[in-house]
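> here is my input, please return the structure:
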Amino acid sequence: MKSTNNKKEVKGFLKGVEVIGNRLPHPAIIFFILSVVVVIASHFVAKYGTPVTYYDAKAGEEVTKSAVSLLNAEGIRYIFNSATKNFTDFAPLGTVLVAMLGVGVCEWTGLFNTGLRKALLNANPKILTPIVVFAGIMSNVASDAGYVVVVPIGALIFGLAGRHPLAGLAAAFAGVSGGFSANLILGTTDPLLTNITNEALKAAQIDTTIPVTSNMYFLAVSAIFLTVVGTIVTDKIVEPNLGKYVGAINEAEAADNVTDIEVKGIRNAMIALIGYVIIMGVLMFPQGALFQSLNEKTGQMDLNEFLHYGLIPAMMLLFLIPGLVYGKTIGKIKSTHDLVAAMTSAMKSMGGYLVLSFFAAQFIAYFGKTNLGLIISYNGAAFLKSAGLSGLPLIILFILLSAFINLFMGSASAKWAIMAPIFVPMLLEMGFSPALTQVAYRIGDSSTNIISPLMTYFAMIVVFMQKYDEDSGLGTLISMMLPYSLAFLVFWTALMAVFYAFNLPIGIGGTIFM
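Here you go, the predicted structure:
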């Protein structure tokens, strides 16, 4: 299946990015080349570089780190001995495969296709963009599940509506990853970063803390704001550059209306879905519910452990159960053999992702092992501290630095554990609250996720994209996502400037100034 640009070709800077990027080797080979570069660079940085010393908010102590060479006997042993573990421990691997077991049943039985086709038959295609972007932003409450669920569904929705599926993929990816910190409600990232911020305050012997809700107002406004920005970028820049799509999905759009048995299947699937959600609610939210466990830090029962480890299997069942009920209703699933066939079909489609994941996992593991990402992060933070700026320009520079560092070090918590002990006390001395410093970091950290190959789900997005355009590659993805990244960074920073100018509260217990 290929995209055909009958209306308009990509031109200008974005065309240049796409052409150069697509002349690169296959993404798996790119990750292999980058791994070799890291191995070589680690040797020279370890030999000639300077160690960095910083307070690690996670460890609760001051640590000194030097670059670790992989171009010696010990390093070469590590490369061979760790290869399998790097692959099996690759964070997105289990998340993607487990979630796809459920998503695959919905796909194989036709529930996605039929449900979306019914919903979109009389819909104005223009309303799809804000829906997809907003759904992506809201999905981060379920941690990384949005990458697996919302991104491919975004492409499918656009395709069924007669629009370019890659535009839907881009809009969903922008919401899920570019707007990762924005949400109308609290997500798993909020307590994670807040705990690090409070540890940084404690390390600096500052007798104050911020609550987990300290960024809530700003991030809720951001969810609406970024939906608007993402919609404009999709409709005015990305989709016009993609042109008209001609492929198999257009056949689904032209299909007959949904049959009576399919309508019955959708109804039964919805009943099953509602029943499942109710049961999960009972297991999660009442005091002392089954999925709650003791938080050793707070001494209270909460869902923290479940949100980190149990949510992905729950998401699998969220799709598997309605898909199974739909398949049984329309007669496509007649036995357990059919159910397993549906899951197997989903796994077959992930073969390319498995190959990419192996090489991506090695590259990311080498980057962490050599401490190159940490050294880049620390030196960038030290530069900003010595710049001598104050007020809003300092906050903006801090956002830009966070965005830049994110290109080299993907983990939000790992970066913040390094940066928080430096910037939280420093900006507090200048009169800025820790809540402001934290939310400024989150703006920069989220905005460049969608253009960083170090982002752990980047390889998976390329695989989703190649389903609709087999000739696309890293260049196509980066050229599509660059307008979102720049727009989110500029306008999200501008939104922060508005809050700053009017001294608006950024959350419950969160202010701009101390």
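> hmm, who's touching stretch 151-158?
Contacts with stretch 151-158, where a contact means Cβ atoms under 8 Å, 6 or more residues apart in numbering, come from 103, 112-113, 116, 120, 128, 131-132, 135-136, 164-169, 171-173, 176, 249, 461, 464-465, 467-468. (Each C-beta comes from the backbone N, C-alpha and C, glycine too.)
> among the residues you listed, which are located in helices?
103, 112-113, 116, 120, 128, 131-132, 135-136, 165-169, 171-173, 249, 461, 464-465 (DSSP state H).
> ok so, going back, type out the PyMOL command that picks the buried ones from the contacts of stretch 151-158.
Filtering these down to the buried ones (16 or more other Cβ atoms under 10 Å) takes a single PyMOL command:
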select buried, resi 103+112+113+116+120+128+131+132+135+136+164+165+166+167+168+169+171+172+173+176+249+461+464+465+467+468
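> what strand or helix carries the closest residue to residue 356 other than its chain neighbours?
Nearest residue to residue 356 in three dimensions, chain neighbours excluded: residue 459, at 3.8 Å (Cβ to Cβ, 6 or more residues apart in numbering). For residue 459, the host element (DSSP states H and E) is helix 458-466.
> one more: residue 373?
Going by DSSP H and E, residue 373 is part of helix 372-385.
> ditto for residue 53
strand 52-56.
> then residue 323?
helix 311-330.
> and after that helix, which helix or strand comes next?
By DSSP H and E, the next helix or strand past helix 311-330 is helix 336-348.
> which strands or helices does the helix or strand that that next one is followed by pack on?
Per DSSP H and E, the first helix or strand lying C-terminal to helix 336-348 is helix 351-370. Applying 3 or more Cβ pairs under 8 Å, 6 or more residues apart in numbering; DSSP states H and E, one finds that helix 351-370 makes contact with helix 27-48, helix 73-88, helix 91-109, helix 458-466.
> in this protein, which residue is most central in space?
residue 177 (3.5 Å; Cα atoms, centre = their mean).
> and the gap between residue 201 and residue 433?
Distance, residue 201 to residue 433, by Cβ to Cβ, to the nearest Å: 11 Å.
> list the buried ones in the longest helix along the chain?
Using DSSP H to define each element, the chain has its longest helix at helix 474-501. Using 16+ other Cβ under 10 Å as the test for burial, helix 474-501 gives 474-485, 487-489, 491-493, 495-496, 499-500.
> check stretch 64-81 too.
Going by 16+ other Cβ under 10 Å, stretch 64-81 has these buried residues: 67-71, 75, 78-79.
> nearest to residue 352 among the residues you listed?
Each of the buried residues of stretch 64-81 was checked against residue 352 using Cβ to Cβ; the closest is residue 79, at 24.0 Å.
> for the nearest residue to that closest one once chain neighbours are set aside, helix, strand, or coil?
The shortest distance from residue 79 to any non-neighbouring residue, by Cβ to Cβ, 6+ apart, is to residue 70 (6.2 Å). Per DSSP: H, G, I helix; E, B strand; the rest coil, the local secondary structure of residue 70 is coil.
> neighbours around the residue lying closest to residue 108 once chain neighbours are set aside, how many?
Once flanking residues are discounted, residue 108 sits nearest to residue 342: 3.7 Å by Cβ to Cβ, 6+ apart. When counting by other Cβ atoms under 10 Å, one arrives at 23 neighbours for residue 342.
> give the contact list for residue 342.
Neighbours of residue 342 in contact, by Cβ under 8 Å, 6+ apart: 104-105, 107-109, 323, 327, 333.
> and if you look at residue 507?
Listed by Cβ under 8 Å, 6+ apart, the contact set of residue 507 reads 211, 213-219, 435, 439.
> quick one: it from residue 208, how far?
15 Å.
> and what of residue 406?
Taking Cβ to Cβ, one finds residue 406 at 27 Å from residue 208.
> what of residue 168?
45 Å.
> likewise residue 501?
Counting by Cβ to Cβ, the gap from residue 501 to residue 208 is 24 Å.
> check residue 74 too.
According to Cβ to Cβ, residue 74 and residue 208 sit 44 Å apart.
> with residue 283 instead?
From residue 283 to residue 208 the distance is 37 Å (Cβ to Cβ).
> the more surrounded of these two?
Counting neighbours by other Cβ under 10 Å for residue 283 and for residue 208 shows that residue 283 has the greater number, 15 against 11.
> contacts only, for that one.
289-291.
> going by distance to residue 190, which of these wins?
Comparing these against residue 190 with Cβ to Cβ places residue 291 closest, at 18.8 Å.
> secondary structure class of that closest one, three-state.
Going by three-state DSSP: residue 291 is coil.
> nearest residue to residue 43 in space, please, no chain neighbours.
In space, residue 43 is closest to residue 71, 3.8 Å off (Cβ to Cβ, 6+ apart).
> equivalent analysis for residue 270, please.
That would be residue 322: by Cβ to Cβ, 6+ apart, it lies 7.3 Å from residue 270.
> wait, that neighbour sits on residue 273?
Yes - with contact defined as Cβ atoms under 8 Å, residue 322 counts as touching residue 273 (4.6 Å).
> tell me which of the two has more neighbours.
Comparing residue 322 with residue 273 by other Cβ under 10 Å, the one with more neighbours is residue 322, at 27 against 17.
> quick one: that one from residue 146, how far?
Counting by Cβ to Cβ - residue 322 and residue 146 are separated by 18 Å.
> repeat that for residue 463.
16 Å.
> of the two, who's got more company?
More neighbours surround residue 146 than the other of residue 463 and residue 146, with 27 against 20 (other Cβ under 10 Å).
> quick check, pLDDT for that one.
Predicted confidence (pLDDT) at residue 146: the value is 74.
> just checking, what packs against the helix holding residue 323?
Using 3+ Cβ pairs under 8 Å, 6+ apart, the elements in contact with helix 311-330 are helix 91-109, helix 111-120, helix 145-160, helix 260-284, helix 336-348.
> list the buried residues in that helix.
Here helix 311-330 shows 311-312, 314-316, 318-330 as buried, counting by 16+ other Cβ under 10 Å.
> tell me the secondary structure at residue 387.
Quick answer, by three-state DSSP: residue 387 is coil.
> test my guess that it contacts residue 397.
Yes - between residue 387 and residue 397 there is a contact under Cβ under 8 Å: 6.5 Å.
> more neighbours, the two?
Comparing residue 387 with residue 397 by other Cβ under 10 Å, the one with more neighbours is residue 397, at 16 against 13.
> so how far is residue 423 from the more buried one?
11 Å.
> between the contacts of residue 283, which is closest to residue 61?
residue 291 (33.6 Å).
> state the pLDDT value of the residue located most distally from the centre of the chain.
Largest separation from the mean C-alpha position in the chain: residue 260, at 38.2 Å (Cα atoms, centre = their mean). Residue 260 is assigned a predicted lDDT (pLDDT) of 88.
> one more: residue 382?
For residue 382, pLDDT reads 71.
> same question for residue 282.
pLDDT, residue 282: 95.
> also the one 3 residues further on?
According to the predicted model, the pLDDT of residue 285 comes to 89.
> what about it, neighbour count?
Residue 285, neighbours per other Cβ under 10 Å, totals 11.
> from now on call the first residue 35
With 35 as the first residue, the last one maps to residue 319.
> separation between it and residue 298?
From residue 319 to residue 298 the distance is 32 Å (Cβ to Cβ).
> before we move on, what about residue 545?
Counting by Cβ to Cβ - residue 545 and residue 298 are separated by 54 Å.
> of these two, who's got more company?
Looking at residue 545 and residue 298 with other Cβ under 10 Å, you find the greater number of neighbours at residue 545, namely 17 against 13.
> apart from its neighbours in sequence, what residue is nearest the more buried one?
residue 467 (5.0 Å).
> cool, and residue 250?
That would be residue 541: by Cβ to Cβ, 6+ apart, it lies 4.1 Å from residue 250.
> got the CA positions of stretch 109-123 in CSV?
C-alpha atoms of stretch 109-123 as CSV (Å, rounded to 0.1, in the frame of the first residue of the first chain):
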residue,chain,number,x,y,z
GLY,A,109,33.3,-3.3,27.1
ILE,A,110,33.4,-5.9,24.3
ARG,A,111,32.4,-8.6,26.9
TYR,A,112,29.5,-6.3,27.9
ILE,A,113,28.4,-5.9,24.3
PHE,A,114,28.1,-9.7,23.8
ASN,A,115,26.9,-10.7,27.2
SER,A,116,24.2,-8.0,27.5
ALA,A,117,22.7,-8.3,24.0
THR,A,118,19.9,-10.7,24.8
LYS,A,119,19.1,-9.0,28.1
ASN,A,120,19.1,-5.6,26.4
PHE,A,121,16.5,-6.9,24.0
THR,A,122,14.3,-8.7,26.5
ASP,A,123,14.5,-5.7,28.9
